[in-house]
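Peer 1: Sequence and computational prediction follow.
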Amino acid sequence: MNHYVTGTAIRELREKKKLTQRQLAETLCVSDKTVSKWETGRGLPDISLLEPISGALGVSVAELLSGECVKNANRSANVLRSKFYVCPVCGNVIWCTGEGAFSCCGVSLPPLEAEEPDEAHAIHAEVVENEWYVTVDHPMEKSHSVTFLAFVTSDRAQIVRLYPEQDAQTRFFIRGQGYLYAYCNRHGLFRVRM
């Protein structure tokens, strides 16, 4: 791992929470001298303390390790501002109603930026009864496939995970206007307005 928690990050986060070294030490069941050693760079916290430290300082473990606080600017909780994160190692998909700090398989995940689909990633949708029948004409091989389709409206998200053995198709209940997303494991995230 390239990053480990720094003394500067612990000190800045502690001061932001208006905690003394003694108060933080009592919360963590360590001595205030131990906290002082961390903050001056003469020692590092044990890995078993990362979660308790992040909890006491009010940040995630990922934020503690990176030394950067992620501020939630998504005040209106509009689901249309959703972000998707995909692990490049295992393929896990994380959906969030705004930006966050996520990691998987030891990798820090950036939010995916959606693009207009090109000809090879065209998203087709037709109404069948009260549902969108969504298809993407795309190869479905292990090394190159559409791994999920999603329909996001202002109050909910529907996500379907796809696998190479399947066709790139699904159905979503029509629940107002929103965006249809398709994620290609080689070319990224594509989005169309519905």
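Peer 2: Cool, got the structure. Residues are numbered from 1 along each chain as shown.
Peer 1: ok, which stretches of this protein are helices?
Peer 2: Secondary structure of the chain (DSSP state H): helices located at 7-16, 21-28, 32-40, 50-57, 61-66.
Peer 1: ok and the third one relative to helix 21-28, angle-wise?
Peer 2: Pointing back at helix 32-40 there. Calculated by axes from the mean of the first three to the mean of the last three Cα atoms, to 10 degrees, helix 32-40 forms an angle of 110 degrees with helix 21-28.
Peer 1: There's contact between Gln21 and Ile10 in this structure, I believe.
Peer 2: No - taking contacts as Cβ atoms under 8 Å, Gln21 lies outside contact range of Ile10: 9.6 Å. (Each C-beta comes from the backbone N, C-alpha and C, glycine too.)
Peer 1: Which of those two has more residues huddled nearby?
Peer 2: Ile10 (22 against 18; other Cβ atoms under 10 Å).
Peer 1: Show the contacting residues for that one.
Peer 2: For Ile10, the contact set (Cβ atoms under 8 Å, 6 or more residues apart in numbering) comprises 35, 38-39, 45, 53, 57, 64.
Peer 1: Tell me which residue lies farthest from the centre of this protein.
Peer 2: Taking Cα atoms, centre = their mean, the residue of the chain most remote from its mean C-alpha position is Lys33, at 35.8 Å.
Peer 1: mind listing what that residue touches?
Peer 2: Contacts of Lys33 (Cβ under 8 Å, 6+ apart): none.
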